[in-house]
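J.: turn this into a model:
(2 chains, ligands or ions: 1)
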Amino acid sequence: MAVRAWARVGRLVAVLTIHREIIEAIVAHARRDHPDEACGVVAGPVGSDAPLRHIPMENAERSTTFYRFDSTEQLRVWREMDDRDEEPVVIYHSHTATEPYPSRTDVSYAGEPNAHYLLVSTRDEHTAEIRSFRIVDGQVSEEPVQLVDESMDPMRSIEKSGDPHAVQSFMFGQSPATVDYECQH
Amino acid sequence: MAIDVRIPTILRSYTGGAKAVSGAGDNLAELLTNLDGSYPGLRGRLITPEGGLHRFVNIYVNDEDVRFLGSLDAKISDGDTVTILPAVAGGAFGLAAAAAVLGR
Ligand SMILES: [Zn+2]
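T.: All right, here's what the predicted structure looks like:
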């Protein structure tokens, strides 16, 4: 049970704990939309700090340098989270030519104080860079990313989906990025 | 005349933690003025000093973004739900550079 991993992680502990499959799906989304910026949410139960449900969003700007959630889609998704007692645990977007660090624009818009702001850079075509931040009252603090690996089978995603973007190599900006193996078999 | 107003997490410090409050008014401008009487400071987070809707928030009347309904002139009726959400946006550059690129 991967849930055990989160029991140790309280609200105030500065770390993002997330399933490998979700990181792979986020990187695949960023690769698909490259060179435009990609964006989305990972929802989880309110107060759990557990990002469990990946929701790729439209970038209404369709831009290589800017992103904005479509406001109508955002209302639908935020209501759905509300109905399910969820909140946006992770809000992610990609930078396609620069480092995965929040720009001043990113900081000025950061309006979900409980969210982890995850940035992915696709500037390197082989290895995506991933970094996670808290952004509260204009203050940016980086945090490590801890991966939870459920399946321990590196080939599973590509075999299942046949999507060439399904498995991507990636690296984290802050070490150590520990991998917490939680085998379900 | 009561309008149900949904408050996002980041603005709940103005409503004593309340997720939903009630207000009155025939249009969005009146509603926000009415709300500011009960929750001082809230209006200032939604309206710029020049009197326009802040770019950092989305406000909806029922299912519709008020930017499509005349912004602050958007008509509101008894029983409507007004939802406030933080706009989720950003980009690779600072605001000035982004504005220049986007021609805004
Ligand atoms: Zn950005």
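
J.: just checking, what packs against the longest helix along chain B?
T.: The single longest helix within chain B, with elements called by DSSP state H, is helix B:28-38. Here helix B:28-38 touches strand B:3-6, strand B:20-23, going by 3 or more CB pairs under 8 Å, 6 or more residues apart in numbering or on different chains; DSSP states H and E. Backbone N, C-alpha and C define where each C-beta goes, glycine included.

J.: so which elements touch the first one?
T.: This means strand B:3-6. Using 3+ CB pairs under 8 Å, 6+ apart, strand B:3-6 sits against strand B:20-23, helix B:28-38, strand B:81-86.

J.: which of the helices and strands packed on helix B:28-38 sits most buried?
T.: With neighbours defined by mean count of other CB atoms under 10 Å in any protein chain shown, none of the helices and strands packed on helix B:28-38 is more surrounded on average than strand B:3-6, at a mean of 19.

J.: related to what we said a few turns ago, quick one: the helices and strands packed on helix B:28-38 as CSV, columns for distance to the ion and mean pLDDT too.
T.: Below are the helices and strands packed on helix B:28-38 laid out as CSV (distance: least, CB to the ion, whole Å; pLDDT from 0 to 100):
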stretch, distance to the ion, mean pLDDT
strand B:3-6, 27, 97
strand B:20-23, 31, 97
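
J.: is it possible to export these to TSV including distance to A:Val27?
T.: Listed next are those as TSV, based on distance: least, CB to CB, whole Å:
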stretch	distance to A:Val27
strand B:3-6	33
strand B:20-23	37
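
J.: closest one to A:Thr98 among those strands?
T.: strand B:3-6 (35.2 Å; CB to CB).

J.: how far does the closest one sit from its chain's centre?
T.: 11 Å (CA atoms, centre = their mean, to the nearest Å).

J.: kindly report the same for stretch A:57-75.
T.: In terms of CA atoms, centre = their mean, the centre of stretch A:57-75 is found 16 Å from the chain centre.

J.: same question for stretch A:32-41.
T.: 12 Å.

J.: does chain B sit close to it?
T.: Yes - counting by CB under 8 Å from any CB of the partner chain, contacts between stretch A:32-41 and chain B involve A:Glu37, A:Cys39.

J.: list the buried residues in that stretch.
T.: Neighbour-count burial for stretch A:32-41, with 16 or more other CB atoms under 10 Å in any protein chain shown as criterion, is recorded at A:Asp33, A:His34, A:Asp36, A:Glu37, A:Ala38, A:Cys39, A:Gly40, A:Val41.

J.: wait, which of those is closest to A:Thr17?
T.: A:Thr17 lies nearest to A:Val41 out of those, by CB to CB, at 16.6 Å.

J.: tell me the bridge partners for that closest one.
T.: Note on A:Val41: beta-bridge partners A:Ile55, A:Ile91, judged by DSSP bridges.

J.: what's the separation between it and the ion?
T.: 15 Å (CB to the ion, to the nearest Å).

J.: I'd say that residue and A:Leu52 touch.
T.: No - counting by CB atoms under 8 Å, A:Val41 stays clear of A:Leu52, with 11.4 Å between them.

J.: just give me the neighbour total for residue 93.
T.: Picked chain A for this. Residue neighbour count, defined by other CB atoms under 10 Å in any protein chain shown, stands at 29 for A:His93.

J.: hm, I was asking about chain B
T.: Residues lying near B:Phe93 (other CB under 10 Å) number 19.

J.: which residues sit in contact with the closest residue to chain A within chain B?
T.: The nearest approach of chain B to chain A comes at B:Pro86, 2.6 Å away (CB to the nearest CB). Shown in contact with B:Pro86 (CB atoms under 8 Å, 6 or more residues apart in numbering or on different chains): A:Tyr109, A:Gly111, A:Glu112, B:Pro8, B:Ile10, B:Phe56, B:Val57, B:Asn58.

J.: so A:Thr105 sits in a helix?
T.: Yes - under DSSP: H, G, I helix; E, B strand; the rest coil, A:Thr105 falls within a helix.

J.: what about it, distance to the ion?
T.: A:Thr105 sits 7 Å away from the ion, taking CB to the ion as the criterion.

J.: right, and that residue touches B:Ala89 too?
T.: Yes - if you go by CB under 8 Å, A:Thr105 and B:Ala89 touch, sitting 7.5 Å apart.

J.: give me the more crowded residue out of these two.
T.: More crowded of A:Thr105 and B:Ala89, by other CB under 10 Å: B:Ala89, with 25 against 22.
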